[in-house]
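Undergrad: Attaching a predicted model along with its sequence, questions to come.
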Amino acid sequence: MRRYIRQIEIFLLLFMAVLFSFFSHPVMALPITTITPDSLSGEKTKLLNGEVIVVLSNLDDGVTGVEGQIFIAAPPKKVWDVITDYNNHKNFVPNVIDSGLISDNGTEKVMFEKGKTRMFIFQKEVYIKMKVWGENLTHLYFQQITGDFKVYQGEWLLVDYPKGAGTFLIYKAEVKPDFYAPQFAVRKVQNRDCPLMLSAMKKQAEANNVNALPSSNE
């Protein structure tokens, strides 16, 4: 019996010695993965692979929120020139049948667009007159002055990536027609038309960019 107790005491002494040795020596740190400023989210990776991302939301008072994103293989200057080419939107943006610049005071412009929208088997023409202003090459705001909407306002954001070679283009809008249209129908129209508009901006900017990166779809 005493021999058995002695064996237990020896085991406990050895166990305590191992613990003391472990805690008295520095523990080797595990390698840390460094996240650089250029690390990309899964969302941006999808955009670089050619996807168009559109997110819709129901806001207060029947307003529909729209956010769309696309990557364009052209610098912000080329993308900005396309977005602000109001006289030419009718020639390359789907569903726009007329467009133009009305006035420009240096800090704020007024432009108009006439478009056609389709809901189920019905088609309707809509008109909108907007003021646009912002920060050159990075941020452009727009808001309806008069037109066929109770609410039509939003912004364009241009994010340079990588420097001078491409642009993440972000479109945000709040929309509510001034004619009867169920919100689910407005969402359906926006979900269909927003990718078409962003893709048109991309195609036009890349066509105007002599140093365009190869398309991810090629």
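TA: Now that the structure is in, tell me what you want to look at.
Undergrad: quick one: terminal-to-terminal distance for stretch 47-60?
TA: 29 Å (C-alpha to C-alpha, to the nearest Å).
Undergrad: Next, the buried residues of it.
TA: Under the neighbour-count criterion of 16 or more other C-beta atoms under 10 Å, stretch 47-60 has 47, 48, 52, 53, 54, 56 buried. C-betas here are computed from N, CA, C, even on glycine.
Undergrad: for residue 103, which residues make a bridge with it?
TA: Beta-bridge partners for residue 103, by DSSP bridges, are residue 110.
Undergrad: how many neighbours does it have?
TA: 9 (other C-beta atoms under 10 Å).
Undergrad: what do you get for residue 91?
TA: Neighbours of residue 91 under the rule other C-beta under 10 Å: 10.
Undergrad: if I've got this straight, it is in a helix?
TA: Yes: Residue 91: assigned to a helix according to DSSP: H, G, I helix; E, B strand; the rest coil.
Undergrad: pLDDT wise, what is it at?
TA: Residue 91 carries a pLDDT value of 98.
Undergrad: how much space between it and residue 82?
TA: 11 Å (C-beta to C-beta, to the nearest Å).
Undergrad: Quick check: the two most widely separated of the buried residues of stretch 47-60?
TA: Greatest spacing in the buried residues of stretch 47-60, by C-beta to C-beta: 48 and 56 (22.8 Å).
Undergrad: Could you list everything residue 160 pairs with in the sheet?
TA: Bridge pairing for residue 160 - DSSP bridges - gives residue 167.
Undergrad: which residue packs closest to residue 147, ignoring adjacent ones?
TA: residue 128 (3.5 Å; C-beta to C-beta, 6 or more residues apart in numbering).
Undergrad: Now do the contacts for that neighbour.
TA: If a contact means C-beta atoms under 8 Å, 6 or more residues apart in numbering, then residue 128 has 112, 113, 114, 115, 144, 146, 147, 148, 149, 152 as its contacts.
Undergrad: Quickly list what the fourth one is bridged to.
TA: For residue 115, the residues forming beta bridges with it (DSSP bridges) are residue 96, residue 126.
Undergrad: what separates it from residue 46, distance-wise?
TA: 28 Å.
Undergrad: coming back round to it: what helix or strand does the residue nearest to residue 147 sit in?
TA: strand 122-135 (DSSP states H and E).
Undergrad: After that strand, heading C-terminal, what element do we hit next?
TA: That would be, after strand 122-135 and using DSSP H and E, strand 139-147.
Undergrad: just to revisit the earlier point, just the buried residues of the contacts of residue 128.
TA: Among the contacts of residue 128, those classed as buried by 16+ other C-beta under 10 Å are 112, 113, 114, 115, 144, 147, 148, 149, 152.
Undergrad: now, among the buried residues of stretch 47-60, which is nearest to residue 171?
TA: residue 54 (9.0 Å).
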